[in-house]
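S.K.: The following comprises the amino acid sequence and a computationally predicted model.
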Amino acid sequence: MSEYKGIKGFQVQTRTEDPVPYAQALADNPYAGAWASGGNMNTSRTSGGQAGISTAAMIAGGNNPGNGYLAAHEQYNGSSWTETTDLNTGRRYLGGGGTQAANLIMGGAVPPGDSSSNAVEQWNGSSWTEIAEVNTGRRLGRSSTSGTTTAMLFFQGSDPGPGSLGLLQTELWNGSTWTELNDMNTAREGSGANGISTSAIAAAGLSGPPFSPSNSTESWNGSSWTEISEVNTSRSYTGGGGTSNTSAFVFGGGQPIGDNGAKTEAWDGSSWTEVNDLAEGRDIYANGSGSATDALAVGGYDGSPVASTEEWTFSGLDPSTTPAADYANAITGDFYYNSTTGQFKTVNTGGAPIGTWSSGGAMNNTRGSNSGFGSSKDSALSAGGAKTPSPGDAAITDTEVYNGTAWTEVNNLTTGVQVAGSIGTTTAGLLASGSGAPGPGIANVQQWDGTNWTEVGDVNTARRQSKGSGTTTAAIIAGGYAPSSSTVRNNVESWNGSSWTETTDLNTARGALASSQQAPYTDLVVFSGQEPSNSAKTEIWDGSSWTETTDMNTARNNAGSSGTSSTSALVFFGQPPPSQTTITESWNGSAWTEVADGATSRAYVASAGSSSSAQINGGEKSGASPYYRNETEEFSAADFQIKTVTTS
C-alpha cells in the first residue's frame with residue numbers, strides 16, 4: 001500500500017492546533033517599520049544632497065564647520081560608506097535625487113555669505129558634469145528624491161541669502177532644460193520631500209515670516225500643489241523619503257530649533273501616523289532618501305554635525321507579497337493529526353477564500369463610473385469615469401496605474417468614457433464601448449499597450465455598463481444598456497484582435513453586470529446586474545453557450561468583480577436596494593459564499609484581480625461627501641480550507 005507521503009509529498013504530522021489563516025497571522029505579526037544603525041560616513045555633515053535606498057545610496061556636499069562648504073561625495077553599500085569623486089563646486093543646503101548610480105545635485109549655498117547657487121551637477125556613475133542651471137538659484141530647496149536624471153522636481157527654498165525665506169517656485173527637469181511650473185501654496189524651506197516628477201509630497205519645514213517650524217503639507221499631482229492633512233508635529237529642516245504623494249515619511253527636524261528631533265511620521269495617502277523614532281535625534285538639516293519601506297537617514301545636526309546612518313526597514317508579514325497559503329504550514333495537500341481535538345485534518349483547495357480587505361494608496365483623481373483592469377491587487381489600471389465639478393458629469397480621459405503602493409498618472413485615453421467594458425492587464429488592455437456622458441452608449445474601443453491608448457475596431461452594438469474578459473487579441477463583452485440607459489441587452493460580442501463578431505446571447509438580458517474579468521474569453525462567469533430590477537443570476541460561458549447556475553446571495557448592480565475562470569471569482573460592493581454595500585461573495589464554480597466585507601460602501605467602481613488578490617478603486621457613494629471616491633481597497637486571501645477527515 002502506498003504511503004500518504006508518497007502520494008501527496010507530505011509526511012503526516014501531529015500538531016496541537018490548526019494552521020493559522022493569513023489574516024490572523026498578519027494581526028499576530030503585523031508589518032511594521034523601524035530604524036536600525038548603519039555605517040558611519042567618513043565625513044560628518046549636515047544639509048547634503050542625497051539619493052538612493054538602504055543598500056545603495058549616495059550623499060554629496062553639505063556643511064562641516066571644520067571643512068566649510070563640502071564637495072565630498074560618498075557612496076553606501078548597505079554597510080559602509082566609501083569616498084569617491086568630489087563635486088565640481090563645494091556647497092551646502094542643496095537638493096538631490098535619483099539613484100546611487102545616476103543622480104542630480106541642485107542649487108545650494110556657496111561662499112561668500114551663503115549666496116544662493118543655481119548650479120546643477122549630474123552623476124553618471126563615475127564623474128560629475130555641470131549641466132543646465134535652474135532658473136531660480138536657491139538654498140534649502142527640496143526635490144522629488146525618487147525622481148530620475150530626466151524627470152526631477154526642484155521647489156521651495158530661499159534666495160538670495162540668509163533670512164530671505166519666501167520661494168514658492170517649482171521647476172521641472174526633463175533631461176535637457178528646467179521649466180517653471182505652478183507655485184506652491186506656502187513659502188518654506190527645508191521640508192521633508194519625496195516622490196517623482198508627477199507625484200510628490202512636501203511636509204513641514206521652516207515657514208514665515210515670522211519664521212517658525214511648520215506642520216503644513218502639500219501634494220503635487222504633476223501640474224499643481226494642493227494642501228492636504230498636516231503632519232502631527234510641527235518641525236523645521238526635516239528629512240524625508242517616499243516614492244509618491246500617497247506613500248511617504250518624514251523624520252527628524254527641530255521642534256522648535258534646538259530640540260533634537262527623533263520623531264518619524266508615515267503618510268498613507270490620507271493621514272499621517274507616528275511610527276518608530278530615530279535612535280539619534282537630528283535637530284536640523286537631516287538628509288533622507290528612499291521609499292516608505294526602504295530608506296536612509298544620514299547626517300544632520302544634534303549639537304554638531306552627525307556622521308551616523310540609520311536604515312528604515314520593515315519586519316513582520318508583508319501583506320502585499322506574502323502568499324497566505326505558504327504561512328504556518330497551510331499548504332494545499334497537507335495532512336495532519338490535531339492532538340488537541342483528536343482529529344485527522346487536511347488542507348484543501350476550494351471553498352471560500354480566507355481573507356480581508358485593507359486600505360491601499362489613494363488615487364490622484366477622485367472619480368466614479370471609472371473602468372479598470374489588472375491581474376492583482378498590486379497591479380491595476382483605472383481610466384475614464386466622471387469627477388466633480390465636471391459639468392453634467394462629462395466623461396474624463398485620466399488614466400492611472402497602481403503598483404501595490406501608489407497610483408501614478410500616465411497617458412490619457414484618446415476619448416473620454418464612463419462605465420466601459422474593461423479587459424486586460426496593466427501592460428495590455430481594452431476599454432470597450434461605454435458612455436461619453438450620462439445617456440446612450442458609444443461604440444468606440446480603445447486599446448492600451450502599457451504606454452499609450454489607441455482607438456481600434458468599434459463594437460457592433462454601442463452599449464454602456466457591459467462586462468467581459470480575455471486579452472487584447474481574444475476577448476468577449478456581454479450585456480449592457482442600449483440604446484438608452486434603461487434598455488437592457490443580452491448581446492454578446494467576441495474580439496479577435498482586429499474586429500468584433502456577434503456570438504451567442506446571454507440567457508438573461510441585463511446591464512451593470514460583473515464578471516471574472518481576468519478569465520480566458522472561453523471560460524468565464526458573469527453575474528449580478530439589472531434586468532431592470534437587481535439581479536442575482538449567474539451564467540457560465542464555455543466558449544459556445546451560456547448556462548444558468550446558482551444565484552448570488554445578494555442581488556446587486558454596478559459591483560466590482562475579479563476572477564480567473566468560470567470556477568473562481570469574487571463580487572464585491574455594488575448597489576442592492578435600499579443602499580450601497582460592502583458585501584463580498586466568493587464563487588467556486590457551484591456556489592456563492594459570503595466572505596469578508598470591505599470598508600466604504602459604493603458602486604460604479606473600477607476593479608481588478610483574482611479571487612485571492614483583488615482591488616477596488618474610485619466609485620460613487622450616494623448621499624455622502626465626497627460623492628465621488630478616491631480610496632483603494634485591497635483584498636488578500638488564502639484559497640484553502642481546513643477539513644476534518646472521517647476515519648471510521
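M.R.: Looks like it arrived, so ask away.
S.K.: Let's see the pLDDT reported for P160.
M.R.: On pLDDT, P160 comes in at 61.
S.K.: To clarify, my last question referred to Y4.
M.R.: 47.
S.K.: again, but for R188
M.R.: Per-residue confidence (pLDDT) for R188: 88.
S.K.: List the residues that contact it.
M.R.: Neighbour list for R188: Q156, L165, A202, G205, L206, S207, S214, S216 [criterion: C-beta atoms under 8 Å, 6 or more residues apart in numbering]. (C-beta placed from N, C-alpha, C; glycine too.)
S.K.: Among the residues you listed, find me the one that's closest to T508.
M.R.: A202 (53.2 Å; C-beta to C-beta).
S.K.: tell me the SS of the closest one?
M.R.: Three-state assignment for A202 (DSSP: H, G, I helix; E, B strand; the rest coil): strand.
S.K.: any idea what sits nearest it, other than its immediate chain neighbours?
M.R.: With C-beta to C-beta, 6 or more residues apart in numbering as the criterion, A202 has its nearest non-adjacent residue at 4.3 Å, and that residue is S191.
S.K.: distance of that neighbour from S143?
M.R.: 10 Å (C-beta to C-beta, to the nearest Å).
S.K.: Dig out what E130 forms beta bridges with.
M.R.: E121 (DSSP bridges).
S.K.: How many neighbouring residues does it have?
M.R.: 12 (other C-beta atoms under 10 Å).
S.K.: Likewise for G95?
M.R.: 31.
S.K.: ok, so of the contacts of R188, who is nearest S613?
M.R.: Of all the contacts of R188, S613 sits closest to A202, with 33.3 Å by C-beta to C-beta.
S.K.: List the contacts of that closest one.
M.R.: A202 touches R142, F155, Q156, M184, R188, S191, G192, A193, T217, E218, W220, W225, counting by C-beta under 8 Å, 6+ apart.
S.K.: Tell me where the chain has helices.
M.R.: Using DSSP state H, the helices found in the chain span residues 4-8, 22-28.
S.K.: least reliable of those helices going by mean pLDDT?
M.R.: Among the helices of the chain, helix 4-8 carries the lowest mean pLDDT (a mean of 49).
S.K.: now the chain, which segments are flagged as low pLDDT?
M.R.: 1-11, 19-28, 160-165, 255-260, 320-334, 348-354, 388-392, 438-439, 638-643, 646-648 (pLDDT under 70).
S.K.: Contact partners for G157?
M.R.: Going by C-beta under 8 Å, 6+ apart, G157 touches G107, S116, R138, R139, L140, G141, R142, L167, E189.
S.K.: again, but for R15
M.R.: Y336, Y337, N338, S339 are the contacts of R15 under C-beta under 8 Å, 6+ apart.
S.K.: filter those residues to the buried ones?
M.R.: Neighbour-count burial (16 or more other C-beta atoms under 10 Å) is assigned, among the contacts of R15, to Y336, N338.
S.K.: Tell me the one among the contacts of R15 nearest to N507.
M.R.: Nearest member of these to N507, counting by C-beta to C-beta, is Y336, at 44.5 Å.
S.K.: My understanding was that the closest one contacts T14; is that so?
M.R.: Yes. At 6.9 Å, Y336 and T14 qualify as touching, with contact defined as C-beta atoms under 8 Å.
S.K.: Look at Q447 and say how many residues are nearby.
M.R.: Count around Q447 with other C-beta under 10 Å applied: 21.
S.K.: Distance check, it against F373.
M.R.: 12 Å.
S.K.: For these two, list the residues in contact with both.
M.R.: G429.
S.K.: tell me the contacts of the spatially most central residue of the chain?
M.R.: Centroid check for the chain by C-alpha atoms, centre = their mean gives A406 as the closest residue, at 2.1 Å. When contacts are counted by C-beta under 8 Å, 6+ apart, A406 touches S199, T243, S244, N245, T246, S247, G269, G361.
S.K.: same question, D393
M.R.: S369, A386, Q418, A437, P438.
S.K.: Would you reformat those as a markdown table and include distance to S565 and neighbour count?
M.R.: As requested, those are exported to a markdown table (distance: C-beta to C-beta, whole Å; neighbours: other C-beta atoms under 10 Å):
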| residue | distance to S565 | neighbour count |
| --- | --- | --- |
| S369 | 27 | 29 |
| A386 | 32 | 25 |
| Q418 | 28 | 26 |
| A437 | 35 | 16 |
| P438 | 34 | 15 |
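S.K.: re the thing from before, please flag which of the contacts of R15 sit within strands.
M.R.: Among these, the members falling in strands (DSSP state E) are Y336, Y337, N338.
S.K.: beta partners of the last one?
M.R.: For N338, the residues forming beta bridges with it (DSSP bridges) are R15, Q343.
S.K.: Assess the claim that it and V12 are in contact.
M.R.: No. Between N338 and V12 there is no contact under C-beta under 8 Å: 11.6 Å.
S.K.: Setting aside sequence neighbours, what's the nearest residue to P520?
M.R.: Among residues not flanking P520 along the chain, G470 sits closest, at 6.6 Å (C-beta to C-beta, 6+ apart).
S.K.: Do a quick rundown of the strands in the stretch 301-450 of the chain.
M.R.: Counting by DSSP state E, counting those that start in this stretch, one finds strands in the stretch 301-450 of the chain at the ranges 309-315, 335-338, 343-348, 354-359, 371-376, 379-383, 399-402, 407-410, 421-425, 428-432, 445-448.
S.K.: want to throw the ones you listed into CSV with distance to I477?
M.R.: Shown next, in CSV, are the strands of the stretch 301-450 of the chain (distance: least, C-beta to C-beta, whole Å):
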stretch, distance to I477
strand 309-315, 41
strand 335-338, 44
strand 343-348, 35
strand 354-359, 28
strand 371-376, 12
strand 379-383, 16
strand 399-402, 20
strand 407-410, 24
strand 421-425, 4
strand 428-432, 5
strand 445-448, 9
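S.K.: Which among those strands is found nearest to D505?
M.R.: Closest approach to D505 among those is made by strand 421-425 (15.8 Å; C-beta to C-beta).
S.K.: thinking again about what came up before, can you tell me how far the residue nearest to the centre of the chain is from Q418?
M.R.: 24 Å.
S.K.: Over to N118?
M.R.: Distance, N118 to Q418, using C-beta to C-beta: 46 Å.
S.K.: shouldn't V120 be in contact with E133?
M.R.: Yes. Counting by C-beta under 8 Å, V120 touches E133, with 5.9 Å between them.
S.K.: Overlap of the contact sets of these two?
M.R.: W178.
S.K.: More neighbours: these two, which one.
M.R.: V120 (22 against 14).
S.K.: list the contacts for the more buried one?
M.R.: L104, I105, M106, G107, E130, I131, A132, E133, V134, W173, W178.
S.K.: The strands of the stretch 301-450 of the chain: which one's closest to E531?
M.R.: Counting by C-beta to C-beta, and looking across all of the strands of the stretch 301-450 of the chain, nearest comes strand 421-425 at 18.2 Å.
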